[in-house]
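*Asks:* Quick one: sequence and predicted model below, then my questions.
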Amino acid sequence: MQALRPTVNAEDSARNGLRILQVIWWGELGGIALNLGDMARQFHGSGHTLEVCVISSSGPLIDGLSSNDIHITEIGARSGFDIWGFVRFCRYLKNKRFDIVHVHGATFFVTLALMVGAGTARKVFQEHGVIRSHHRRTTRLLFYKLFRRVYDRFVAVSGATAEDLLWTGVPIDRVVTIPNPVDAVAFSPRPSRESAKERLGISGSVQTVGTACRFAPEKDLALFLEVAAIVTAARQGVRFIMVGAGDEQRSLEQRIEALHLTRSVRFTGMRTDMPLVWRAFNVYLFTSRLEPFGRTLLESLACETPVVAAVPTDGGAIELARRSPGILAVEDRNPQHLAALVVRLLDSPHECEELGRLGRIWAAEQYGVVEWARAFDSLYMTLHQRR
């Protein structure tokens, strides 16, 4: 299993620009879309040609990439069994003749189409999730058993994900670990925390504890609300901000009413201005049970917002939560213990500031976006040269 090092010469990339396709199922806001945005910015002027193909339907974040000279194609498949969508995607691959096809998401639809239409393109599959503890574990395992020889490389976003890939039977020489990045220029300690709060419609003097994620079971937002209830009992003026959307929103609203938190908790909906959001939090309360990587942790730290984290039970975020100097981690996920740390930070501005400062330094040094882009550049060039 390789840990890829950024060694590509920029002049070589410019002379030998590749036609690279990124394939995603849909264009929803999330880690994959954010990573593609990072790649678009970092690859600009490299000589490579980037395209994004959305198999189902796109979204505003993906559509916005077109401003970076990236062509976006939407296939419009209605499901993984859409025969005409499959035919359209195969024709698209045959007509374009890409050098590299990079797939995000384990789907039979996409992989079978690559076998039919991708020709001599080198194929990269990136695993962004967990496998062994996935609710569709059997299907995921079958995917890897059937198609592990189709892809030239499998990219894991963390050591835990790499171990899952090896568990499925993917050959060790095809597994590469490239952790997700954070852009420490885009995510920075600006504007001031007070200004960021006011731009979200919150008084600059109000203390805030926040989270930002999909409202899904694995995020364990019930734990977030348990902590909110405990903290609110001790600090009436604290506001809890929930950024995102998802199927669980209605049940969360009902839980908020049951806990008498309607004045303390605020939903903002989905937002694309995440650097501003992280700056508007005094503390990021992270409660995910299952988190393959934990990009939000890096974003918060890069904005010098300290984190109180319930250590996940599975995924690469376990390592982040334990290692970062900007994160106070609670191994037993006990709401009383989490609440005590939240109150401690709210009562100690100096500790908040120091944790934020150390966290930003650590995130930028360990997970810089420039090094991440160079790692993928090196991977693509190496695979292309072996054709």
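*Replies:* Sure thing, it's come through. Numbering: from 1, shown residues only.

*Asks:* just the CA coordinates of stretch 27-36, formatted as CSV?
*Replies:* Extracted as CSV, the C-alpha positions of stretch 27-36 are listed here (Å, rounded to 0.1, in the frame of the first residue of the first chain):
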residue,chain,number,x,y,z
GLY,A,27,-23.9,17.0,-7.7
GLU,A,28,-25.0,17.5,-4.1
LEU,A,29,-23.0,19.6,-1.7
GLY,A,30,-20.6,17.5,0.2
GLY,A,31,-17.0,16.3,0.5
ILE,A,32,-16.7,15.0,-3.1
ALA,A,33,-18.0,18.2,-4.7
LEU,A,34,-15.7,20.3,-2.5
ASN,A,35,-12.7,18.2,-3.4
LEU,A,36,-13.5,18.6,-7.1
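
*Asks:* Can you tell me the number of residues neighbouring the nearest residue to residue 316 once chain neighbours are set aside?
*Replies:* Counting by Cβ to Cβ, 6 or more residues apart in numbering, residue 158 is the residue found nearest to residue 316 once chain neighbours are left out, at 2.4 Å. In this view, the C-beta of every residue, glycine as well, is placed from N, C-alpha and C. The burial count assigned to residue 158 is 25, neighbours taken as other Cβ atoms under 10 Å.

*Asks:* what sits against residue 158?
*Replies:* For residue 158, the contacting residues are 177, 179, 292-293, 315-317, 319, taking Cβ atoms under 8 Å, 6 or more residues apart in numbering as the criterion.

*Asks:* for residue 290, same thing?
*Replies:* Contacts here follow Cβ under 8 Å, 6+ apart; on that basis residue 290 touches 130, 133, 218, 312-315.

*Asks:* Need the buried ones from these selected in PyMOL.
*Replies:* In PyMOL, a selection of the buried entries from the contacts of residue 290 looks like this (16 or more other Cβ atoms under 10 Å):
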select buried, resi 130+218+312+314+315
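
*Asks:* Can you tell me which of the contacts of residue 290 is nearest residue 93?
*Replies:* Within those, proximity to residue 93 (Cβ to Cβ) peaks at residue 130, which comes in at 28.7 Å.

*Asks:* State whether the closest one and residue 289 are indeed in contact, as I suppose.
*Replies:* No - in this structure, residue 130 sits apart from residue 289 without contact. The criterion is Cβ atoms under 8 Å, and the distance is 10.8 Å.

*Asks:* Spit out the residues that contact those two alike.
*Replies:* With the criterion set as Cβ under 8 Å, 6+ apart, the overlap between the contacts of residue 130 and residue 289 is residue 314.
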